[in-house]
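Novice: Got a sequence here, can you build the structure:
(one chain, ligands or ions: 2)
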Amino acid sequence: MFAARQASKSVFGAVQRRTFSATASNATKVAVLGAAGGIGQPLSLLLKLNPRVTELALYDIKGAPGVAADISHINTKSTVKGYEPSGAGIKECLTGAEIVLIPAGVPRKPGMTRDDLFNTNASIVRDLAKAAADACPEANILVIANPVNSTVPITAEVFKSKGVYNPKRLFGVTTLDVVRASRFISQLKSTDPATENITVVGGHSGATIVPLLSQAGYTLEGAERDEYIKRVQFGGDEVVQAKGGAGSATLSMAMAGARFAESLLKAAQGQSGVVEPTYVDSPLYKDQGVTYFASQVELGPNGVEKIHPVGEMSEFEQGLLEVCLKDLKSNIEKGEKWVKENMGN
Ligand SMILES: NC(=O)c1ccc[n+]([C@@H]2O[C@H](COP(=O)([O-])OP(=O)(O)OC[C@H]3O[C@@H](n4cnc5c(N)ncnc54)[C@H](O)[C@@H]3O)[C@@H](O)[C@H]2O)c1
Ligand SMILES: O=C(O)C[C@H](O)C(=O)O
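Specialist: Ligands and ions are numbered 1, 2, ... in the order given. Down below sits the predicted model:
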């Protein structure tokens, strides 16, 4: 299912400009923190199906050993182990990990913004980042927990405080925005969604999510354009409403997280030209005080290989970007301020 292919797209639709013969022979440990949750379980399942993963380490404050036992019966070669705070705990889970995915944290309920999760999730992400900085400082850290615009800067500050920050190894996972933007345009234009790959830049909440349809050669006008933009920017709310208090997107997010992890693994195992949009420590708008930004990023064996500029935009998209940058700056500053005042021991 996830075997290396000589095609221009991965099974998840990530762009690969050139493909070399990647192998699945490297030993690769992947850790999932929050593995018993709504995202954590299907994400762990998809990682178990990925032949590039040789060891799967699943951690949660509760339930991870059960999830691990269940997944371990799947007839693929990787080993699976579940970890709880007691026993071997998070240190053993993280030691030797090449990729650490963090979906731990509370999800939204109807009426909440992602920023409303800040008070609970900031400390969860801070503590998990501390554990990762101690146990696997060179791992690629993939932050899924919301609000991503703030939890990524929090993670960076924790790594900086321990003297092990490597901006090339920290990623806010914004893949779901690209998945949605691609699916929604395919519905409007009656195209094959697998062939769509809409660039989405900015951050991961409301107005900070900026789809660049013009780069894919599409022009929408009037109400159709406004509805499309709203759907991409507030696609998460659509799921939150539909689940009626039982959480937010989990299954589509698991697919998006697995796609991003797969892209990183391909790049780590020697495939060149793997490009994914992701929220990283970025020079693109630093002069405006926006220190993290999602754009197309080429991945390599060292994580971030090259941050692509945003590129050509329509005047309308330029307007969206201006609003995005303002919101993003305050989300980043909020995370940095909070973690500096609440670093703890
Ligand atoms: N980046 C994105 O595109 C995206 C998409 C969907 C959801 N999310 C976010 O992902 C997060 C998780 O969503 P979910 O639906 O899986 O929630 P969930 O409540 O179903 O699962 C969260 C899991 O985290 C665990 N957990 C809590 N604190 C922990 C800790 N300190 N250490 C380890 N595990 C801990 C819980 O026990 C639970 O199993 C939310 O913050 C949500 O907003 C992000
Ligand atoms: O909407 C949410 O709160 C979850 C996630 O960020 C999403 O985009 O689905």
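
Novice: Just the helices from the chain, written as ranges.
Specialist: 40-48, 64-72, 89-94, 118-135, 148-161, 175-189, 222-233, 235-243, 251-268, 315-341 (DSSP state H).

Novice: what's the neighbour count on the residue in the chain positioned nearest to ligand 2?
Specialist: Closest residue of the chain to ligand 2, C-beta to the nearest ligand atom: Gly236 (2.2 Å). Bear in mind the C-beta positions are built from the backbone N, C-alpha and C, glycine included. Using other C-beta atoms under 10 Å, Gly236 has 24 other residues around it.

Novice: Thought Ala249 was touching it, still the case?
Specialist: Yes - using C-beta atoms under 8 Å, Gly236 is in contact with Ala249, at 6.1 Å.

Novice: Identify the contacts common to those two.
Specialist: Common neighbours of Gly236 and Ala249 (criterion: C-beta atoms under 8 Å, 6 or more residues apart in numbering): Leu176.

Novice: any chance of the helices of the chain in TSV, with mean pLDDT too?
Specialist: Below are the helices of the chain laid out as TSV (pLDDT from 0 to 100):
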stretch	mean pLDDT
helix 40-48	99
helix 64-72	98
helix 89-94	97
helix 118-135	98
helix 148-161	98
helix 175-189	98
helix 222-233	98
helix 235-243	98
helix 251-268	98
helix 315-341	98
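
Novice: Can you check the pLDDT for the nearest residue to Ala36 once chain neighbours are set aside?
Specialist: Among residues not flanking Ala36 along the chain, Gly63 sits closest, at 3.3 Å (C-beta to C-beta, 6 or more residues apart in numbering). If you check Gly63, the pLDDT there is 97.

Novice: For the remainder of this discussion, apply numbering that starts at 294.
Specialist: New numbering, starting at 294: the last item is Gly356.

Novice: So what does Gly356 look like in phi/psi?
Specialist: Backbone geometry at Gly356, expressed as degrees, to the nearest 10, gives phi 90, psi -10.

Novice: Pretty sure Thr369 is one of the things Leu349 touches, is it not?
Specialist: No - taking contacts as C-beta under 8 Å, Leu349 lies outside contact range of Thr369: 9.7 Å.

Novice: More neighbours: the two, which one.
Specialist: Each of Leu349 and Thr369 has its neighbours counted (other C-beta under 10 Å); Leu349 has more, 26 against 17.

Novice: Setting aside sequence neighbours, what's the nearest residue to Gln589?
Specialist: In this structure, Gln589 finds its nearest non-sequential neighbour in His601, 4.1 Å apart by C-beta to C-beta, 6+ apart.

Novice: Hmm, I typed the wrong one, I wanted Lys633.
Specialist: Counting by C-beta to C-beta, 6+ apart, Glu450 is the residue found nearest to Lys633 once chain neighbours are left out, at 6.5 Å.

Novice: how many other residues sit next to the one you found?
Specialist: Each residue near Glu450 was counted by other C-beta under 10 Å, and the total is 20.

Novice: What's the separation between it and Val393?
Specialist: 17 Å (C-beta to C-beta, to the nearest Å).

Novice: All good on my end, thank you.
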